[in-house]
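K.L.:
A predicted structure for the sequence below; I have some questions about it.
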Amino acid sequence: MPVLNRIAGYAAEMKAWRRHLHAHPELGFECHATAAYITERLREIGVDEIHTGIASTGIVAIIDGQGPGPTIGLRADMDALPIEETSGVAHASTVPGRAHSCGHDGHVTMLLGAAKYLAETRRFAGRVALIFQPAEEDGGGGEVMVKEGIMDRFGISQVYGIHNAPNVPFGKFITTPGPIMAAVDTAWVRLRGRGGHGATPHETVDPIIAAVGMIGALQSIVSRNTSAIDSLVISVTQIHSGTASNIIPEEAWFCATIRSFTPAVRDLAERRFRELINGHASAYGVVAELVYERGYPPTVNHAEETEFAASVAREVSGETLVDARADREMGAEDFSYMLEARPGAYLFLGTGPGAGLHHAAFDFNDDAAPVGASFFATLVERAQPLA
Ligand SMILES: [Zn+2]
Ligand SMILES: [Zn+2]
C-alpha cells in the first residue's frame, strides 16, 4: 500500500491517538473530551487556526498553504454509539454502554494524520479546513455545522469525507457519482381502539388486528406503487401492544424506517404511507396518530469531484483497488448536508476482515488510518497545487 512515506512514519503515533479515542467514546453532540483531545493534537501539530464550539462540540481548524487559493474542506465525524463493546481489545471502551462501533475514532485519526502532514509540508495553495463533526449517528451534527455557517465563514469551496468499510478489501476505495447513500425518514404510528376481554372481541375495537393490516399493506408501497427501477425500503422495525393472553389491548404502536434516493420516491412513500394508515384506521375503526419525520437527505456525490477523488484514490491504492462506479447503499449519512451546501464526494475505504459497523465487537483497523490520511493529504495537494 503506497502510503505517503512521511505519514507511514506517523503510524505509531496515529495508533496511539486512535486507541485513546476508542477507549473514551462520547455520544451525539456531547463530544467534549473528544473535542478537547483533538484540539490538543491540533495545537501540537501546529495548525494555523482552531475554531471550537461549532454545533456544540464541533471544530473547524485551518492550515494555510503557500500563496492564495481556495479552501478545501475535509470532514471527520467524532461520535460513538450507545452499545456495550465486546471486542475484548486492551483499548476497549472504558465507558459502560458506549463504544466507537462505527469507527469514527478512525476517521478523526485519519484527518489528524493528514493535518500533521499538511502542516509540516504545506505543498499546496490556499487553505485546508479540517472539519470535526459531532452527532453523525443521531442528531445531524453535519446539518447543524452547515446551518451555523461553516461553509461561508471559512470560505470552503469543496468538501470530502471518508467512511471505513470493514469486510471490503483492505485499502480499497469505493464511491460513485450521484446518490451514494439514501435519505432516511421515520414514521411512528399509535393506534387507539377499545380494549376488552380476549374472549369477546366483537365487543372491542382491536388495535392489534388494525396494526397487522396496516403493516401488511405498507409492503405494497414498494411492491405495487414504486417502479422496479427505483430504490425504496420500508421496514417496520418495532411493534408494541398488549399485556396478557386474555386481554385485547386499548392501544398498539409501531414504527418504521423509510429509505429512498430521489425526492419523487421520497414524496410518494410518504403520501402512500399516510393514505394506507388513514384508510386502514377508518376501515378498522381505530384512531391513528401518525408522526412522519423527514431525516437526513440522500448523500449525493458531485460527478466531477467524485472523479477527481477517485483519481487521487488510484494514486494512493492503485487502479485495482478503486471502484468509482459502486452500488449505492440504503444507509444514511449527514455528510449529505455538506454535499448539499458544496460540491464534493464521499468515499468508503476498505479495512479488511472484521466485525461489521455497529456490531458490539467492532474495532477500527489501525492500519487503515495512514491510508485514509494519505488520501486526504494527496487530495489537497492535487486539488490546490502550488503555482
Ligand atoms: Zn454509524
Ligand atoms: Zn459511521
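P.N.:
Received, thanks. In this text, all values refer to a predicted model and were calculated from it rather than measured experimentally. Ligands and ions are numbered 1, 2, ... in the order given.

K.L.:
where does the chain have low pLDDT?
P.N.:
For the chain, applying pLDDT under 70 flags the ranges 1.

K.L.:
Okay, domains of it per the record?
P.N.:
5-180+298-383, 183-294 (automatic domain parsing).

K.L.:
need the ones you listed in TSV with mean neighbour count, can you?
P.N.:
No exception for glycine: its C-beta is placed from N, CA and C like everyone else's. Shown next, in TSV, are these (neighbours: other CB atoms under 10 Å):
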stretch	mean neighbour count
domain 5-180+298-383	21
domain 183-294	17
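
K.L.:
Show me where the stretch 201-350 of the chain has its strands.
P.N.:
Assigned strands in the stretch 201-350 of the chain, in chain order: 232-241, 247-248, 251-260, 287-294, 299-301, 322-323, 344-350 (criterion: DSSP state E, counting those that start in this stretch).

K.L.:
Select, out of those, the one closest to A183.
P.N.:
Closest to A183 of the strands of the stretch 201-350 of the chain is strand 251-260 (CB to CB; 5.2 Å).

K.L.:
coming back round to it: could you dump the strands of the stretch 201-350 of the chain into CSV with distance to I83 added?
P.N.:
As requested, the strands of the stretch 201-350 of the chain are arranged in CSV below (distance: least, CB to CB, whole Å):
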stretch, distance to I83
strand 232-241, 17
strand 247-248, 34
strand 251-260, 18
strand 287-294, 23
strand 299-301, 23
strand 322-323, 29
strand 344-350, 21
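
K.L.:
between the ones you listed, which gets nearest to M14?
P.N.:
strand 344-350 (14.4 Å).

K.L.:
Spell out which helix or strand contains S374, please.
P.N.:
helix 368-383 (DSSP states H and E).

K.L.:
got the angle between that helix and strand 344-350?
P.N.:
150 degrees (axes from the mean of the first three to the mean of the last three CA atoms, to 10 degrees).

K.L.:
mind checking how far helix 368-383 is from the chain centre?
P.N.:
Its chain's average C-alpha position is 20 Å from that of helix 368-383, according to CA atoms, centre = their mean, to the nearest Å.

K.L.:
before we move on, what about stretch 118-128?
P.N.:
With CA atoms, centre = their mean, you get 28 Å for stretch 118-128.

K.L.:
Can I get it in CSV, CA atoms only?
P.N.:
The C-alpha trace of stretch 118-128 is given here as CSV (Å, rounded to 0.1, in the frame of the first residue of the first chain):
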residue,chain,number,x,y,z
LEU,A,118,-0.1,19.1,5.6
ALA,A,119,1.0,21.4,8.4
GLU,A,120,4.6,20.1,8.1
THR,A,121,4.9,20.1,4.3
ARG,A,122,2.5,22.9,3.1
ARG,A,123,2.9,21.9,-0.5
PHE,A,124,-0.5,23.4,-1.5
ALA,A,125,-2.0,26.7,-2.4
GLY,A,126,-4.9,28.3,-0.5
ARG,A,127,-6.1,26.7,2.8
VAL,A,128,-7.4,23.5,4.2
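
K.L.:
Now do stretch 309-319: everything it contacts.
P.N.:
Here stretch 309-319 makes contact (CB atoms under 8 Å, 6 or more residues apart in numbering) with 1-3, 160, 171-173, 175, 321-322, 324, 345, 347, 371, 374-375, 378-379, 382.

K.L.:
Which residue comes closest to L74 once chain neighbours are left out?
P.N.:
Excluding the flanking residues, the one nearest L74 by CB to CB, 6 or more residues apart in numbering is F376, at 5.2 Å.

K.L.:
helices or strands up against the helix holding S374?
P.N.:
helix 5-8, helix 11-23, strand 71-77, helix 104-121, strand 156-165, helix 303-317, strand 344-350 (3 or more CB pairs under 8 Å, 6 or more residues apart in numbering; DSSP states H and E).

K.L.:
Go through these and name the closest to F335.
P.N.:
strand 156-165 (4.6 Å).

K.L.:
next helix or strand past the closest one?
P.N.:
strand 173-174.

K.L.:
can you list contacts of that following strand?
P.N.:
Contacts of strand 173-174 (CB under 8 Å, 6+ apart): 165, 168, 310, 313, 316-317, 321-323, 326, 347-350, 375.

K.L.:
Give me the packing partners of the longest helix anywhere in the chain, helices and strands only.
P.N.:
For the chain, the longest helix by residue count, based on DSSP state H, is helix 263-284. Other elements packing on helix 263-284 under the criterion 3+ CB pairs under 8 Å, 6+ apart are strand 183-192, helix 207-220, strand 232-241, strand 251-260, strand 287-294.

K.L.:
can the ones you listed go into JSON lines with extra columns for distance to G356?
P.N.:
Formatted as JSON lines, the helices and strands packed on helix 263-284 follow (distance: least, CB to CB, whole Å):
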{"stretch": "strand 183-192", "distance to G356": "18"}
{"stretch": "helix 207-220", "distance to G356": "26"}
{"stretch": "strand 232-241", "distance to G356": "18"}
{"stretch": "strand 251-260", "distance to G356": "18"}
{"stretch": "strand 287-294", "distance to G356": "27"}
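
K.L.:
which non-adjacent residue is nearest K172?
P.N.:
Closest to K172 by CB to CB, 6+ apart is G350, at 3.7 Å.
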